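>>> here is my input; please provide its structure:
(chains A and B)
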Amino acid sequence: MELKEKLVASFMAFEDQVDVDAPVHDIRTEAIKKFEVEGFPTKKLEAWKYTSLNPVLKFDYSVFPKTEPKLQYGDIKQYFLHDIDTYKIVFVDGKYSSYLSQTTHDGIDVCLMSSALTKPKYRIIIENYFNKAAKNEGLSALNTAFSYEGAYIHIPKNKLVDKPIQILHLATGTETGLMLQPRNLIIVDENSHLEVIERHQSLTENPVLTNSVTEIFANKRAIVDYYKVQNDRQSASLIDNTYISQKRESHVSVHTFAFGGKLTRNNLNFYQNGERINSTLKGVTIIGDKQHVDHNTLVHHQQPNCESHQDYKSIVGDSATGVFNGKIIVDKIAQKTNAFQANNNLIVSDKATMNTKPQLEIFADDVKCSHGCTIGQLDESAMFYLRSRGIPEKEARALLMFAFSNDILSSVKIPEVKQRITKLIAEKLNVKLGFDL
Amino acid sequence: MKYTEEDLREELKTKEYEYGFYTDIESDTFPVGLNEDIVRAISLRKEEPEWMTQWRLQAFRGWLEMIEPEWANVRYKKPDFQGISYYSAPNKKPKYNSIDEVDPELLATFKKLGISLDEQKKLAGVAMDVVIDSVSVATTFKKTLAEKGIIFCSISEAIKEHPELVKKYIGSVVPPKDNFYAALNSAVFSDGSFCYIPKGVRCPMELSTYFRINQAGTGQFERTLVIADEGSYVSYLEGCTAPSRDENQLHAAVVELIALDNAEIKYSTVQNWYPGNEKGEGGVFNFVTKRGLCETNAKISWTQVETGSAITWKYPSCILKGDNSVGEFYSIAVTNQYQQADTGTKMIHLGKNTKSTIISKGISAGRSQNSYRGLVQISARADNARNFSQCDSLLMGNECGAHTFPYIEVKNKSAKVEHEATTSKIGEDQIFYCNQRGIDTEKAIALIVNGFSKEVLNKLPMEFAVEAQKLLEISLEGSVG
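So this is what the prediction gives:
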């Protein structure tokens, strides 16, 4: 049975299993109808021109994992940012793992989507926020139809969250194929500050497909720093849909580190619903083998005096394919917008491919919008400089590549995350850098 | 008295499309509608050989199965393809031996357009082919060119007199079924220009085609084929106007350029079709397919100034097939009032050491929408390919839009591709600076726009650059941001 039919057919069973009276019932039903009509996106769609889901959809995924396998903290410690204290929300095969997690209701809510969706005390918040930023289309609709579990974070007014929050999705591989659809909702109220680190990790070579939706609401003057670490095994694929709705004077930054996975698609959407907003989108992509990473970003400037900064760098090797599709829309009333987009790519092998499509759609006249995009190689003279000082070719190359991606790291605010990413880059480039940051 | 924005706006409203007149020339127009019989009839009227008729019919059958493309960033009411006439020609004396025989009515038309065929005779410099309602009516300087072995004539004449060349090259760069409009053109094209430059010849003058749509309810479908044989050089110009009508007229042309080894073709266009009135009614739909093929060491350079048309859908492209070949694209697209333009280029790098440059300047004013859409493709075999693209947009007023859709596909690690785009408006400080020095606002804008588009204007042949500069000023009057 095709995956689409399987999903549509299992929707009834899913609705039975969860609380059908929940207020999201209608939203779910509408979403599955939408998915039934649209199905999985194909290359015929402009937004999916360079990414085909066919190699990922051919596996037989189980939609409902059966048992909750026991994992020891020691086995998975390496996937955590363990050298600093953090809140942790851990899911194993899509189910919440209470003994691995560390949540709180003390002043802030760091807990679960499933309880937010069912408990009456969250009802008003769910009505106001759930599925309000996400678009009802394609894969997001599919996720909405099956939305049940994920992280729910609500930071009330004037709180500085004392430590970062880690969201970790683990796949154990007890099923031969597994499809996960986590749904996260993050609300940050006025003047509050939040840092989140998100990671998806599978523990075996069994294929995993994750179709995740995250909605982030940043209210007045809120600050949100979000880090996505994508260093999964090459049997796992990830479709990440993130929708960010910003109110005035809020600052949201999303850093995406795409190193792993068979196919990774990041749909990152920013909607600016107020004045003097700042949005930052940054990413480093280092891929090889037959990996495929597609960054699809949208920044929609809907109000005047806002800024957005985008900076994506990729290093594409072997037979890998990198895709960047960035879109900036500036509405008629969004005067004095300052939007900047840069996309720099290095192609380091003959079989590698890079497709990039930076788009500007501008309807306002008093704006400063620019984008720049390059595809090239390492500077030969810089290579020569290093080689002439006795640095072996491989290390020299790695150093230059590291320098190339370092711009992005400089805006990472948690030192431990920066260290971790530096280590991952060194690992990925297969060298010892010989220095720490 | 101070010259204010209001005055400017007033002036603009009263300023009409000055080429909007209609000349009453008796013409032979086919009944409206399109079917195989019409295609056959066109072919028969042009006294074409059987292979050409078959070629047209094949294109027509292909066209029937195609659907109109909708991906472009333009919105319009689709033309009714059965509601227009596919053939219209001035019918007095189909052939002219010298300019003196040309219908005086026609000559007067050209005078009005600012093209004097008499003058052309004296002012050595430009050889011209004039196409009215897609039928070639006059070609100047034929003799001088023939001495050098250069063939410059209408394409229907070429089909009869040089069938071997036409047969070999027509449809080789833009296949008849390439796209919806190219297929339509291949089926019904009524005339166009043909040009062949023999080996090693440097064409001594600019070759030029002038297009005009005159009849109501007709579409214009012309086809241009330029072949530059090994080591030759040619510079080719194209200009166009149409009468003001409140219906939309369709123009679907195909231009094919073939630059063989070491040849160079320079193709410049100043497009000034009727853009519609200030309410956005009428105007020409301009759906054009232009493509050039470069063999080894060849160079094709497209320069375009797009100021007219209600809708522009045009992507002059280069296929850089041979090693060391060079493609260039310089464009200024100006939209005002309700005009919509979706234009850009495709640079397909297939050969080694190929180079391409794209400079695109978009200026939007009024309620217009101006899009740049371009593709740079570097194939796996194209070692050391190099591309530089720059797209700048200038916005005037807050009801217009500027959009950029660059596609970059690279499959080779030695490629170097750069793309940059900016969007801005004319700064108040720039205007202030000019005002302060006694330059009024209107002139200041013209000055700034000229500076903005200088890189492209510089690429035009001199006579054209002057015309283009004037056009820019006219199209943008009253658009103080």
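>>> hey, let's count contacts and neighbours off CA atoms from now on
Will do.
>>> how about the contacts made by the one residue in the stretch 201-350 of chain B that gets nearest to chain A?
When C-alpha to the nearest C-alpha is the measure, the stretch 201-350 of chain B has its nearest residue to chain A at B:D342, with 12.5 Å between them. Contacts were defined as C-alpha atoms under 8 Å, 6 or more residues apart in numbering or on different chains; by that measure B:D342 touches B:A72, B:N73, B:V74, B:I311, B:T312, B:W313, B:K314, B:N370, B:S371, B:Y372, B:R373.
>>> check which helix or strand covers the last one.
Read it as B:R373. With elements delineated by DSSP states H and E, B:R373 resides in strand B:369-378, which encompasses its position.
>>> that strand: partners in the sheet, and parallel or antiparallel?
Pairing partners of strand B:369-378, with direction, according to DSSP bridges: strand B:340-343 (parallel), strand B:346-349 (parallel), strand B:401-410 (parallel).
>>> just send these back as JSON lines, with mean pLDDT too.
Compiled in JSON lines, the strands paired with strand B:369-378 are given as follows (pLDDT from 0 to 100):
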{"stretch": "strand B:340-343", "mean pLDDT": "88"}
{"stretch": "strand B:346-349", "mean pLDDT": "92"}
{"stretch": "strand B:401-410", "mean pLDDT": "88"}
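>>> mean pLDDT per helix and strand in the chain: which one sits at the bottom?
Chain wasn't specified; assuming chain A. Comparing every helix and strand of chain A by mean pLDDT, DSSP states H and E singles out helix A:73-76 as the least confident one, with a mean of 78.
>>> you looked at the wrong chain, it should be chain B
Evaluated with mean pLDDT, DSSP H and E, the helix-and-strand set of chain B has its lowest mean pLDDT in helix B:117-122, which scores a mean of 46.
>>> now the residue of the stretch 201-350 of chain B closest to chain A. Nearest residue, chain neighbours left out?
Excluding its sequence neighbours, the residue lying closest to B:D342 (C-alpha to C-alpha, 6 or more residues apart in numbering or on different chains) is B:S371, at 4.6 Å.
>>> low-confidence ranges in chain B?
Applying pLDDT under 70 to chain B picks out residues B:1-29, B:88-142, B:211-219, B:240-248, B:280, B:463, B:474-481.
>>> which residue is nearest the middle of it?
When C-alpha atoms, centre = their mean is applied to chain B, the residue found nearest the centroid is B:T269 (4.8 Å).
>>> what strands line up against whichever strand or helix holds that residue, and which way round?
B:T269 belongs to strand B:264-271 when elements are defined using DSSP H and E. Using DSSP bridges, the neighbouring strands of strand B:264-271 in the sheet come out as strand B:233-241 (parallel), strand B:299-306 (parallel).
>>> quick one: closest of these to A:V284.
strand B:299-306 (37.2 Å; C-alpha to C-alpha).
>>> and that closest one, how far out from the chain's middle?
Per C-alpha atoms, centre = their mean, to the nearest Å, the displacement of strand B:299-306 from the mean C-alpha position of its chain is 9 Å.
>>> show me where chain A has its helices.
Secondary structure of chain A (DSSP state H): helices located at A:3-17, A:25-38, A:54-57, A:73-76, A:113-118, A:123-129, A:138-145, A:380-388, A:393-409, A:415-429.
>>> picking up where we left off before, okay if I get the contacts of B:D342 as TSV plus neighbour count?
As requested, those are arranged in TSV below (neighbours: other C-alpha atoms under 10 Å in any protein chain shown):
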residue	neighbour count
B:A72	13
B:N73	17
B:V74	16
B:I311	27
B:T312	29
B:W313	21
B:K314	20
B:N370	33
B:S371	28
B:Y372	26
B:R373	22
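>>> tell me which two of those residues sit farthest apart.
Spanning the widest gap among the contacts of B:D342 are B:I311 and B:R373, at 14.5 Å by C-alpha to C-alpha.
>>> list of residues touching stretch A:148-163?
Stretch A:148-163 has contacts (C-alpha under 8 Å, 6+ apart) with A:18, A:85-87, A:89, A:91, A:94-96, A:107-114, A:116-117, A:167, A:182-195.
>>> where does the stretch 51-200 of chain A get nearest to chain B, which residue?
A:T51 (12.8 Å).
>>> gap between the nearest residue to that residue once chain neighbours are set aside and A:N136?
The shortest distance from A:T51 to any non-neighbouring residue, by C-alpha to C-alpha, 6+ apart, is to A:K43 (6.4 Å). Look at A:K43 and A:N136: by C-alpha to C-alpha, to the nearest Å, they are 19 Å apart.
>>> who has more neighbours out of these two?
Neighbour count, other C-alpha atoms under 10 Å in any protein chain shown: between A:K43 and A:N136, A:N136 has more, with 20 against 13.
>>> what's the burial count for the closest residue to that one other than its chain neighbours?
Sequence neighbours aside, A:A31 is the residue nearest to A:N136 in space, at 6.5 Å (criterion: C-alpha to C-alpha, 6+ apart). Other residues near A:A31 number 24, with proximity taken as other C-alpha under 10 Å.
>>> I'd like to know how many residues surround A:L53.
The local packing of A:L53 (other C-alpha under 10 Å) involves 16 other residues.
>>> in this structure it contacts A:T42, no?
Yes: under the criterion of C-alpha atoms under 8 Å, A:L53 makes contact with A:T42 at 7.1 Å.
>>> what does the stretch 301-450 of chain B have sitting close to chain A?
B:380, B:395-425 (C-alpha under 8 Å from any C-alpha of the partner chain).
>>> so where's chain A uncertain?
Where chain A drops to pLDDT under 70, the residues are A:1, A:19-22, A:65-69, A:432-437.
>>> and it, which residues reach chain B?
Residues of chain A that fall close to chain B, judged by C-alpha under 8 Å from any C-alpha: A:332, A:347-377.
>>> so which of the residues you listed are in strands?
Helix and strand membership here follows DSSP state E; of the residues of chain A next to chain B, those in strands are A:347, A:353-362, A:368-376.
>>> quick check: which element contains B:P176?
When the helices and strands are read off by DSSP H and E, none of them contains B:P176.
>>> can you give me every residue that contacts it?
If you count contacts by C-alpha under 8 Å, 6+ apart, then B:P176 has B:A59, B:A182, B:A183, B:S186 around it.
>>> and the two most separated of those residues?
Put simply, by C-alpha to C-alpha the two of these set farthest apart are B:A59 and B:A182, 8.8 Å from each other.
>>> distance of A:H25 relative to chain B?
Taking C-alpha to the nearest C-alpha, to the nearest Å as the measure, A:H25 and chain B are separated by 36 Å.
>>> my bad, should have said A:E36
Taking C-alpha to the nearest C-alpha as the measure, A:E36 and chain B are separated by 25 Å.
>>> the nearest residue to that residue once chain neighbours are set aside: how many residues sit nearby?
Nearest non-adjacent residue to A:E36, counting by C-alpha to C-alpha, 6+ apart: A:V8, 6.8 Å away. By other C-alpha under 10 Å, the residues close to A:V8 number 17.
>>> over to B:K346?
Applying other C-alpha under 10 Å, we find 23 other residues in the vicinity of B:K346.
>>> how about the contacts made by it?
Contact partners of B:K346, counting by C-alpha under 8 Å, 6+ apart, are B:Y315, B:P316, B:S317, B:C318, B:G374, B:L375, B:V376, B:Q377.
>>> same deal with B:L350?
Each residue near B:L350 by C-alpha under 8 Å, 6+ apart is listed here: B:I319, B:L320, B:K321, B:G322, B:D323, B:I378, B:S379, B:R381, B:A382.
>>> the last one: what secondary structure?
This points to B:A382. B:A382 carries the three-state label coil when classified by DSSP: H, G, I helix; E, B strand; the rest coil.
>>> test my guess that it contacts B:N412.
Yes: at 6.8 Å, B:A382 counts as touching B:N412 under the criterion of C-alpha under 8 Å.
>>> domain assignment for chain A?
For chain A, whose domains are defined here by automatic domain parsing, the residue ranges read A:1-245+A:252-259, A:394-437.
>>> need the winner for burial among those.
Sort the domains of chain A by mean neighbour count, taking mean count of other C-alpha atoms under 10 Å in any protein chain shown, and domain A:1-245+A:252-259 sits at the top with a mean of 19.
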